[in-house]
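J.: Provided below for reference: sequence and predicted model.
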Amino acid sequence: MRNAINKYFCLQNSSIFLFLSLLFHHTLLISGNSPSLLIDNITLDCGSASEGHARDGRIWTADANSTFLLLDPTNASKISSTLKSPMNDAVPYITARLSRFEFTYVFPVTFGTKFIRLYFYPSSYPDFSSSIPFFSVKANRYTLLSNFSSAPNAQDAGLDGFVKEFCLNVEDGETLNITFAPIPGVTDAYAFVNGIEIASMPTKLYYTDEGFKFVGSWNNESSLESNTALELMYRINVGGQFIEPQNDTARMFRSWNSDDEYLSIAKPSALLYNNTIQLIYRNNMTHFAAPDGVYQTARSMGMDKKTNENYNLTWDFQVDSKFTYLVRLHFCEIQPPITKTGDRIFYIYIATQIAESKADVIEWSGGNGFPVFKDYAVTIEPKGNERVQNISIALHPRPEISVYSDAILNGLEIFKLSNADNLAAPNPDITPINPPTAATPSPKSTKSNNNLV
């Protein structure tokens, strides 16, 4: 998630601001190639004293003596290099800013919706090797992380460095303040960060006042307004391979992971691939929703009609209890036989509840090769003291009303929605965590016998 063009605009007067705002909105019109989002494209290499160049070609600005950093001189933070080399990109993971006191970055950005990506590399740092990295992170009024420790996140992902991604709206006249604070009352606790990325996004990429289904609710209608902050939980290229950030649409630098490790029932499923199909996007939001690679691949149930009618193609995703989640499902019919309404109709279940009883991608999109996405909201109610639960996504055919006994999914995203300006998961028990040793990610075991179609 690194940007080849590190442009930051500090707007000094309203006339320049108006001009750039209009330019930004015009940039979002569909052209032959995906346009770049020019406003508020910041990549800050925390703890670095010199400009850094990432493997993908993006330039990261050093934060030493940065005007973005607001420090209390009596409680100054430190910059440091890790005692062990990261296995992935050196920039921005090789350096960090650390402190046993609160420290804040102030970004004078334009108003509108932003991606905020925080880069963490849990490791030993000079003067902090035996301390406890439990801390909180706030962005303006939103609590993004609380009692957060980076080491378990890296271990769970099988990586030594990782990114936490958030979305929020900056109101007109606001700056974007990001504050890191060690948890109070814990001796030698400290906060740290290796990199901060801020990128503008299309205004209605995820936020919309148009109604979408609230699964399991009597009201059954929901909308996502700009006063809600989001945390990315999962972004999946279903049936396809990992898509690197530099290959994302409109240089928004989103990562799209493979779905293999999340499959829980697939007996067997089929991998669909069509890189010659001419994708037709009906509007800007569909065009920016996902890169072509998401819509050119998919997973279906397979070619055995009898088998398909006796199982649900299912994925499971672990999430925090007591929050509502936005589930975005991406669809595109890429198989030549599926060309008209009624060819492939199926159920969609989210968290074991019916989200759609007659899902028909052709009816939604308008034809073969037309990408479309559907949004749903679901609340994960607490069960006893369980801090985490699963959201399941399941598909099942409707052979009685369709030509083919099958179902399809191209991609999905799951976002946690802020609750009273809070995105932090239930606080974990605070115990000292030894820095993990660098480990090569173990091969993922696929739970299905996939057929490539």
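T.: Structure received. What you are looking at is a predicted structure, and each value in this text was computed from that prediction instead of being measured. Numbering: from 1, shown residues only.
J.: Please point out which parts of stretch 123-132 sit buried.
T.: 123, 125, 128, 131-132 (16 or more other C-beta atoms under 10 Å). Quick note: C-beta positions are derived from backbone N, CA and C, even for glycine.
J.: Of all the residues you listed, the one with the weakest confidence?
T.: In terms of pLDDT, S131 ranks lowest among these, with 74.
J.: Relative to A189, how far out is that residue?
T.: 7 Å (C-beta to C-beta, to the nearest Å).
J.: Equivalent analysis for P336, please.
T.: Distance from P336 to A189, by C-beta to C-beta: 59 Å.
J.: Between those two, which has more neighbouring residues?
T.: Higher neighbour count among P336 and A189: A189, with 18 against 10, using other C-beta atoms under 10 Å.
J.: Hmm, P182 and the more buried one touching each other?
T.: Yes - between A189 and P182 there is a contact at 4.0 Å, judged by C-beta atoms under 8 Å.
J.: list residues touching both of those two?
T.: Counting by C-beta atoms under 8 Å, 6 or more residues apart in numbering, the residues touching both A189 and P182 are 100, 134-135.
J.: quick one: which of those residues has the most company?
T.: F135 leads these on contacts (other C-beta under 10 Å) with 25 neighbours.
J.: residues contacting the nearest residue to that one once chain neighbours are set aside?
T.: Using C-beta to C-beta, 6 or more residues apart in numbering and skipping the chain neighbours, the partner closest in space to F135 is A191 (3.5 Å). With contact taken as C-beta under 8 Å, 6+ apart, A191 is in contact with 98-99, 102-103, 133, 135-137, 180-182.
J.: Now list the buried members of those.
T.: Using 16+ other C-beta under 10 Å as the threshold, 98-99, 102-103, 133, 135-137, 180-182 are the buried ones among these.
J.: got a markdown table for the residues you listed, with secondary structure, distance to F253 and pLDDT too?
T.: Below are these laid out as a markdown table (DSSP: H, G, I helix; E, B strand; the rest coil; distance: C-beta to C-beta, whole Å; pLDDT from 0 to 100):
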| residue | secondary structure | distance to F253 | pLDDT |
| --- | --- | --- | --- |
| L98 | strand | 25 | 93 |
| S99 | strand | 27 | 92 |
| E102 | coil | 29 | 93 |
| F103 | strand | 25 | 94 |
| P133 | coil | 26 | 79 |
| F135 | strand | 25 | 94 |
| S136 | strand | 25 | 96 |
| V137 | strand | 20 | 97 |
| F180 | strand | 22 | 96 |
| A181 | strand | 27 | 95 |
| P182 | strand | 29 | 93 |
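J.: Considering those residues, which is situated nearest to V294?
T.: For those, the residue nearest V294 by C-beta to C-beta is V137; the value is 29.3 Å.
J.: Could you double-check that the closest one lies in contact with I178?
T.: Yes - here V137 reaches I178: they are 6.8 Å apart, a contact under C-beta under 8 Å.
J.: Would you list the phi and psi of the most centrally placed residue in the chain?
T.: Taking C-alpha atoms, centre = their mean, the centroid of the chain lies closest to L232, which sits 3.6 Å from it. When read as degrees, to the nearest 10, the backbone of L232 gives phi -70, psi 130.
J.: With adjacent residues omitted, what lies nearest to it?
T.: Leaving aside its chain neighbours, L232 sits nearest to E165 (4.1 Å; criterion: C-beta to C-beta, 6+ apart).
J.: The helix or strand containing the one you found pairs with which strands?
T.: For E165, the host element (DSSP states H and E) is strand 162-170. Counting by DSSP bridges, the strands paired with strand 162-170 are strand 112-120 (antiparallel), strand 230-237 (antiparallel).
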